[in-house]
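Colleague: Below are the sequence and a predicted model; questions follow.
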Amino acid sequence: MKIEDFFRENKKVALGFSGGADSSYLLYVALNCHIDVKPYYVKTQFQPEFEFRDAMRLADEIGVKVTVIEHDILIYEDIKCNSENRCYYCKRRIFDIIKKRAYNDGYTCIIDGTNASDSFDDRPGMKALCELNVKSPLRECGLDKEKIRELSKKAGLFTWNKNAYACLATRISINNEITSDKLFKIEKSEDILMEMGFSDLRIRMYYNIAKLQFNDNEIVRAFELRKEICDKLKPYFDDIVIDLKGRR
């Protein structure tokens, strides 16, 4: 099935929109198929501000209004405690919020940007999508990440080469409680590193120690700038280390 066929069968949909490459392309295609599509962005402490800005920029460039729902995700103990199933509980809460709001707005078909490259084995949140009957057109139509980037580039979407970015909660080691303070430290520190010219990076937090992960192209530069990095991040962490294995 082609993606256009999906939208011929589903002419009124609500989209869980993140502003990443996948959901951005899905929104673009839906608009170009001239269907009734309404994007929803659930804004929580887990999304960094730059992701929100990117989502709003993309929506503005293709001419669609996004419904933004602000929500305190840390009120849920099953998410805050950061167990191995955190992603499942979080995805379930987020799409339950979207589903209820969409139903009130008259939309009964809920879709998301899961693609054919995404595996059930490493994405427990996909179980929640199935339970809530959320459809994943990109996955159903066999569009993987590489193809989505190619099509997005052809469409002129700035998200075509945007790095994949997991939520801030993934930076905190399992079974260590997630707090607003920890999320702030991680986001602020990653912002500092991006301002220094690094792009594809992660800061993993173990108690109050920051483990910095860079890709192979940037790790040498990170070592060269290690003193400057330590000086800029020391207000937020007790210790700072660079992961020799880098980004995986």
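Modeller: Happy to help now that I have it. Numbers count the residues shown, from 1 in each chain.
Colleague: what does stretch 1-10 contact?
Modeller: 13, 26, 29-30, 33, 35, 109, 111, 135, 137-138, 140-141, 143 (C-beta atoms under 8 Å, 6 or more residues apart in numbering). Heads up, the C-betas are built off the backbone N, CA and C, glycines and all.
Colleague: next SSE after the longest helix along the chain?
Modeller: Counting residues, the longest helix in the chain under DSSP state H turns out to be helix 86-104. From helix 86-104 onward toward the C-terminus, using DSSP states H and E, the following helix or strand is strand 110-111.
Colleague: For that following strand, name the packing helices and strands.
Modeller: strand 12-16, helix 86-104 (3 or more C-beta pairs under 8 Å, 6 or more residues apart in numbering; DSSP states H and E).
Colleague: Quick one: those as JSON lines, columns for mean neighbour count, mean pLDDT and distance to residue 165 too.
Modeller: Shown next, in JSON lines, are those (neighbours: other C-beta atoms under 10 Å; pLDDT from 0 to 100; distance: least, C-beta to C-beta, whole Å):
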{"stretch": "strand 12-16", "mean neighbour count": "22", "mean pLDDT": "98", "distance to residue 165": "16"}
{"stretch": "helix 86-104", "mean neighbour count": "19", "mean pLDDT": "96", "distance to residue 165": "15"}
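Colleague: Dump the ones you listed into TSV; add distance to residue 202 as well.
Modeller: TSV is the format used below for these (distance: least, C-beta to C-beta, whole Å):
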stretch	distance to residue 202
strand 12-16	23
helix 86-104	16
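Colleague: and after the helix or strand of the chain with the lowest mean pLDDT, which helix or strand comes next?
Modeller: When the helices and strands of the chain are compared on mean pLDDT, DSSP states H and E, helix 125-131 comes out lowest with a mean of 88. Sequence-wise, the next helix or strand beyond helix 125-131 is helix 137-140, with elements assigned using DSSP H and E.
Colleague: Dump that next one to CSV, restricted to CA.
Modeller: Extracted C-alpha coordinates of helix 137-140, given in CSV (Å, rounded to 0.1, in the frame of the first residue of the first chain):
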residue,chain,number,x,y,z
PRO,A,137,0.9,4.8,8.1
LEU,A,138,4.6,5.1,7.4
ARG,A,139,5.2,1.6,9.0
GLU,A,140,2.1,0.1,7.3
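Colleague: Need the residues that contact the helix or strand that that helix is followed by.
Modeller: Proceeding N to C from helix 137-140, the next assigned helix or strand is helix 145-155, under DSSP H and E. Here helix 145-155 makes contact (C-beta under 8 Å, 6+ apart) with 21-22, 24-25, 28, 115, 117, 138, 143, 159-161, 164.
Colleague: swap the cut-off to 10 Å and go again
Modeller: 3, 20-22, 24-26, 28-29, 32, 62, 113, 115-118, 138, 141, 143-144, 157-162, 164 (C-beta atoms under 10 Å, 6 or more residues apart in numbering).
Colleague: what residue ranges in this protein score low on pLDDT?
Modeller: Within the chain, the stretches with pLDDT under 70 are 119-123.
Colleague: mind listing the helices for the chain?
Modeller: Counting by DSSP H, the helices of the chain are 3-9, 21-32, 49-62, 77-80, 86-104, 125-131, 137-140, 145-155, 180-195, 219-224, 226-233.
Colleague: And the last one, what does it pack against?
Modeller: Based on contacts counted as 3 or more C-beta pairs under 10 Å, 6 or more residues apart in numbering; DSSP states H and E, the elements that helix 226-233 packs against are helix 180-195, strand 209-214, strand 239-242.
Colleague: Deepest-packed of these, please.
Modeller: strand 209-214 (a mean of 20; mean count of other C-beta atoms under 10 Å).
Colleague: Okay, now the sheet partners of that one, with direction.
Modeller: strand 201-206 (antiparallel), strand 239-242 (parallel) (DSSP bridges).
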